[in-house]
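**Student:** Give me the fold of what follows.
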Amino acid sequence: CTSNASMYFDNEQLRCPSEVRSIYVQIIMGLYVIIVNIIILNLIIALFSSAIKANEQQTEELWHRLFMSFTCEHSILLFMMPPLLSFLLSQNEKNRRYPF
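**Tutor:** Have a look, this model is predicted:
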């Protein structure tokens, strides 16, 4: 490498980097790395937040289904007399459909 302008303009040799430019390059690279890390961290947080919201929605839907099946099952059982209740329970276990 050379600092002679005529040599590097004629493409004979490469230009040597100056110390001032190398300091600027290091500062700019440091800022670039910090900004990229902040952006990537924000993207990861957004992805996890989206995954958690989807999981909470599925959990809530499952809870509503189970609550409804529990309510329907016990609304039928409350009106039966005790001798018929055991027969109904045995039939209900055979025909039970789980929502999941």
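**Student:** hey, let's count contacts and neighbours off CA atoms from now on
**Tutor:** Noted.
**Student:** Scan the chain for its longest helix.
**Tutor:** Identified as the longest helix of the chain according to DSSP state H is helix 19-77.
**Student:** so how far is that helix from its chain's centroid?
**Tutor:** For helix 19-77, the distance between its averaged C-alpha position and the chain's averaged C-alpha position is 4 Å (C-alpha atoms, centre = their mean, to the nearest Å).
**Student:** and that helix, what's its mean pLDDT?
**Tutor:** Mean per-residue pLDDT for helix 19-77: 90.
**Student:** How much space separates the residue nearest the centre of the chain from residue 36?
**Tutor:** The geometric centre of the chain, computed from its C-alpha atoms, lies nearest to residue 48 (C-alpha atoms, centre = their mean), at 2.8 Å. Distance, residue 48 to residue 36, by C-alpha to C-alpha, to the nearest Å: 18 Å.
**Student:** Does residue 12 belong to a helix, a strand or coil?
**Tutor:** For residue 12, the assignment made with DSSP: H, G, I helix; E, B strand; the rest coil gives coil.
**Student:** how about it, what does it touch?
**Tutor:** For residue 12, no contacting residues are found, by C-alpha atoms under 8 Å, 6 or more residues apart in numbering.
**Student:** Could you do residue 43 as well?
**Tutor:** Applying C-alpha under 8 Å, 6+ apart, we find residue 43 in contact with no residue.
**Student:** how close does it sit to residue 16?
**Tutor:** Separation of residue 43 from residue 16 (C-alpha to C-alpha): 39 Å.
**Student:** Tell me, how many residues neighbour residue 69?
**Tutor:** Here the neighbour count serves as a burial measure; for residue 69 (other C-alpha atoms under 10 Å) it reads 16.
**Student:** same deal with the one 5 residues further on?
**Tutor:** The burial metric for residue 74, expressed as a neighbour count using other C-alpha under 10 Å, is 11.
**Student:** how close does it get to residue 2?
**Tutor:** Going from residue 74 to residue 2 by C-alpha to C-alpha gives 90 Å.
**Student:** what does residue 30 give?
**Tutor:** Counting by C-alpha to C-alpha, the gap between residue 30 and residue 2 amounts to 27 Å.
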